[in-house]
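# Sequence first, then the predicted structure:
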Amino acid sequence: MHLPVDAEAAHRAVAGRDPRFDGRLYLGVVTTGIYCRPSCPARTPLPHHCQYFPTAAAAVAAGFRACRRCRPDALPGTRHWDVRGDLVARAVRLIADGALEDGGVAGLARRLAVSERHLHRMLLAEVGASAQQLGRTRRAHAARTLIEQTAMSLTDVAFAAGFGSIRQFNDVMLAEFGAAPRVFRRPAASTTATTTQPSSDRRTPDGQVATGAPSIALRLAYRGPIALAPLRPTLAAHAIGGVERIDAGGGHTRVVDAPTGPAVVHLELDPSADVVTAPLAATFRLTTLTDLMPVMTRVRRWLDLDADPALVAEHLGADPLLGPLVEARPGLRVLGSLDGPEVAVCAVLGQQVSVAVARVFQSRIAATFGTPIAPADVDGAVHAADHPGSSDGEVALRTFPRPEVLAAAGPEAIRDAANLTQARARTVHTLATAIADGLRLDPGVDPATTRERLLALRGIGPWTADYVNLRALRDPDAFLPGDLVLRKSLARYTGTPLKQFTPAAAEALSQAWRPWRSYALQHLWTQEVYA
């Protein structure tokens, strides 16, 4: 199995209760049959009683169950696998994103262009668990979170977490945790969740789509800290009018085009806090409970909640240029995406214009081609004072249009809708058509190959392709050497005139920051724009 350190170093981490290895390494104690995180406060076992695993699923596959004291299952995912671009790493990322829910192991193997047998063999060799085992562990961890944080019935929990039957749910929970699901129910759940299922009529009398059903409040865990001070303005700068709403009290509401229909996500971001370690409060208003897992996964990817700040800081913090920035903003996240095609289209709309102008273009596209959400389905009112033109005191949020919609609309309609140049409208249409025809823009694809395919499209240059790699593909080593803001920041820090600081110079300087150049980029952007 692929472990981040050898057994001797792993035992030193366990003996020292080093939290830096939590989530990257799991300890199985053969005398108890329990697996723990390295920082578990329990007595350190003897070295010959220890087995080490790269994933929780591998520990379960070897016959261990989760420790009830240190809760290794409560750890969020890790971006450790994102550093690698090989078959196994891509498979792990896709499974974490819920790829098995769509087409099972066979569908996953097809996406990776390998046989199921070869995929199985490679995962066992590198990860210590099969694709199915990784998927079961993912569902079990999600189910435990729902049991502990909500008042949902166990039946609803089972289907919201992706289990196919109650029997499977019970069996997997027993294998993962050594206890039946009901054991994890707290006496008084801190949140509630409705389980009303949507009706077959999905539209209101005025033709708007209604989300209709469950609202689930959760606390999203992550490896602390998280730098909220730069995250709030970063989210605001990229918010698409009509698709997102920002409240003065720190709330951020966003429409997500989920698998079975529109969902609305509301985040609470403390406006007075610069750095936090407590879980983020989020409310998910869904079309059906089965949308919870994919939407929650997208939100985690959007906010980069699976980042490992200690791992990034260990590498970038030693750099003389970046060290002070890393120290000043611990837990800085790289903004991801809720939808890869949306980010790609928005990147084209933002080519060679200011962020403010790009947002105008994006809002116009959403207003013309997006699908409205009934105002009653959005938690909290959207007032006409914030959106001139609303006649009833509220205005509907809407989804961002899918690429199939833009491809069918044609370049002329796109140009007229957003008041674009003919060339930019053609590029948006070309990109949307390519995505509709099968170009995938998600963390499971190979960044280098996808970059080449994007560059082959007329009107898309290196900046746009690299930006898509950064946000949609979640490549932790993505870098935009030609970005003007980046070059301004680097020129200022190095004392070099901007005209002399070329993209080639930025690329050369960035080599020392591999494989975490996306975080270096975010630090430099943040310092230049939001400092």
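On my side now, so go ahead. Numbering: from 1, shown residues only.
# The stretch 51-200 of the chain: strands as residue ranges?
Applying DSSP state E, counting those that start in this stretch to the stretch 51-200 of the chain gives strands spanning 65-66.
# Low-confidence stretches in it?
76-83, 188-200 (pLDDT under 70).
# all helices of it, in order?
56-61, 87-96, 99-111, 116-126, 131-149, 154-160, 166-177 (DSSP state H, counting those that start in this stretch).
# Now distance to Ile414 and mean neighbour count too, for those helices, in TSV please.
Just so you know, the C-beta spots here come from the backbone N, C-alpha and C atoms, and that holds for glycine as well. As requested, these are exported to TSV (distance: least, Cβ to Cβ, whole Å; neighbours: other Cβ atoms under 10 Å):
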stretch	distance to Ile414	mean neighbour count
helix 56-61	44	26
helix 87-96	31	22
helix 99-111	29	17
helix 116-126	39	16
helix 131-149	38	23
helix 154-160	37	21
helix 166-177	46	18
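# measure Gly85 to Arg474 for me?
Between Gly85 and Arg474 the computed distance is 12 Å (Cβ to Cβ, to the nearest Å).
# Settle it for me: which of those two has more neighbours?
Between Gly85 and Arg474, Arg474 has the larger neighbour count (other Cβ atoms under 10 Å), namely 25 against 17.
# ok so, going back, so can I have CSV of the helices of the stretch 51-200 of the chain showing distance to Leu316?
Converted to CSV, the helices of the stretch 51-200 of the chain look like this (distance: least, Cβ to Cβ, whole Å):
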stretch, distance to Leu316
helix 56-61, 27
helix 87-96, 21
helix 99-111, 31
helix 116-126, 27
helix 131-149, 29
helix 154-160, 38
helix 166-177, 35
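# and the most centrally placed residue in the chain, what pLDDT?
By Cα atoms, centre = their mean, the chain has its centre lying nearest to Arg301, at 0.6 Å. Arg301 is assigned a predicted lDDT (pLDDT) of 92.
# Could you figure out how far the lowest-mean-pLDDT helix or strand in the chain is turned away from helix 99-111?
Least confident helix or strand, the chain: helix 87-96 with a mean of 87, by mean pLDDT, DSSP states H and E. Calculated by axes from the mean of the first three to the mean of the last three Cα atoms, to 10 degrees, helix 87-96 forms an angle of 150 degrees with helix 99-111.
# related to what we said a few turns ago, sec struct for the closest residue to the residue nearest to the centre of the chain other than its chain neighbours, please.
Spatial nearest neighbour of Arg301, excluding adjacent residues (Cβ to Cβ, 6 or more residues apart in numbering): Gly336 at 4.7 Å. Secondary structure state of Gly336, per DSSP: H, G, I helix; E, B strand; the rest coil, is coil.
# Could you tell me how many residues sit around Gly336?
24.
# so Ala179 makes contact with Asn170?
No. Using Cβ atoms under 8 Å as the test, Ala179 is too far from Asn170 to be in contact (10.4 Å).
# hmm, back to that, which one of the helices of the stretch 51-200 of the chain lies closest to His238?
Closest to His238 of the helices of the stretch 51-200 of the chain is helix 87-96 (Cβ to Cβ; 22.8 Å).
# Centre of the chain to that closest one, how far?
14 Å (Cα atoms, centre = their mean, to the nearest Å).
# With stretch 444-456 instead?
Distance, centroid of stretch 444-456 to centroid of chain: 19 Å (Cα atoms, centre = their mean).
# Give me the buried positions along that stretch.
Neighbour counts over stretch 444-456 (16 or more other Cβ atoms under 10 Å) mark Gly444, Val445, Asp446, Pro447, Thr450, Arg451, Arg453, Leu454 as buried.
# Put the alpha carbons of that stretch into CSV.
This file holds the C-alpha atoms of stretch 444-456, laid out as CSV (Å, rounded to 0.1, in the frame of the first residue of the first chain):
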residue,chain,number,x,y,z
GLY,A,444,-11.4,12.8,-11.9
VAL,A,445,-9.9,13.7,-15.3
ASP,A,446,-6.2,14.1,-16.2
PRO,A,447,-5.3,17.8,-15.9
ALA,A,448,-2.6,17.7,-18.7
THR,A,449,-4.8,15.9,-21.2
THR,A,450,-7.8,18.2,-20.4
ARG,A,451,-5.6,21.3,-20.8
GLU,A,452,-4.6,20.1,-24.3
ARG,A,453,-8.2,19.5,-25.2
LEU,A,454,-9.2,23.0,-24.0
LEU,A,455,-6.4,24.7,-25.8
ALA,A,456,-7.5,23.0,-29.0
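# Any idea what Glu268 is bridged to?
Glu268 has the following beta-bridge partners by DSSP bridges: Gly251, Ala281.
# Hmm, I typed the wrong one, I wanted Gln51.
Gly28.
# For it, give me its contacts.
Residues near Gln51 by Cβ atoms under 8 Å, 6 or more residues apart in numbering: Leu27, Gly28, Val30, Ala59, Ala62, Phe64.
# Sort out which of those residues are buried, if you could.
With burial judged by 16+ other Cβ under 10 Å, the buried subset of the contacts of Gln51 is Leu27, Gly28, Ala59, Ala62, Phe64.
# Relative to Val345, which of those is nearest.
Of these, the one sitting nearest to Val345 (Cβ to Cβ) turns out to be Ala59, at 41.3 Å.
# Tell me how far that closest one lies from Ala66.
In terms of Cβ to Cβ, Ala59 sits 8 Å off from Ala66.
# Name the residues contacting each of those two.
With Cβ under 8 Å, 6+ apart, Ala59 and Ala66 have common neighbours Tyr35, Pro72.
# Go through the contacts of Gln51 and say which is closest to Thr368.
Nearest to Thr368 among the contacts of Gln51, with distances taken as Cβ to Cβ, is Ala59, at 50.6 Å.
# for the chain, which spans come out with low pLDDT?
Checking the chain against pLDDT under 70 turns up 76-83, 188-213, 374-395, 531.
# so what are the domain limits for it?
Taking automatic domain parsing as the reference, the chain has its domains at 7-75, 206-306+337-473.
# Take the ones you listed and lay them out in a markdown table including distance to Ala520.
Listed next are the domains of the chain as a markdown table, based on distance: least, Cβ to Cβ, whole Å:
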| stretch | distance to Ala520 |
| --- | --- |
| domain 7-75 | 20 |
| domain 206-306+337-473 | 12 |
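# Of the ones you listed, which is nearest Arg93?
domain 206-306+337-473 (4.8 Å).
# which one of the contacts of Gln51 is nearest Arg364?
Nearest to Arg364 among the contacts of Gln51, with distances taken as Cβ to Cβ, is Ala59, at 50.6 Å.
# Tyr35 is in contact with that closest one, correct?
Yes. Counting by Cβ under 8 Å, Ala59 touches Tyr35, with 3.8 Å between them.
# Any chance you could list residues touching both of the two?
By Cβ under 8 Å, 6+ apart, the residues touching both Ala59 and Tyr35 are Tyr26, Gly28, Phe53, Pro72.
# Name the SS class of the first one, please.
For Tyr26, the assignment made with three-state DSSP gives strand.
# contacting residues for it?
Going by Cβ under 8 Å, 6+ apart, the list of residues near Tyr26 reads Tyr35, Cys36, Arg37, Tyr52, Phe53, Pro54, Thr55, Ala56, Ala58, Ala59, Pro72.
# need these in a markdown table with distance to Pro294, can you?
A markdown table is the format used below for those (distance: Cβ to Cβ, whole Å):
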| residue | distance to Pro294 |
| --- | --- |
| Tyr35 | 27 |
| Cys36 | 30 |
| Arg37 | 27 |
| Tyr52 | 31 |
| Phe53 | 26 |
| Pro54 | 25 |
| Thr55 | 21 |
| Ala56 | 20 |
| Ala58 | 24 |
| Ala59 | 25 |
| Pro72 | 24 |
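# Just the buried residues from those residues, in ChimeraX please.
This is the ChimeraX syntax for the buried subset of these, where burial follows 16+ other Cβ under 10 Å:
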select :35,36,37,52,53,54,55,56,58,59,72
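# tell me which of the contacts of Tyr26 is nearest to Arg364?
Thr55 (44.4 Å).
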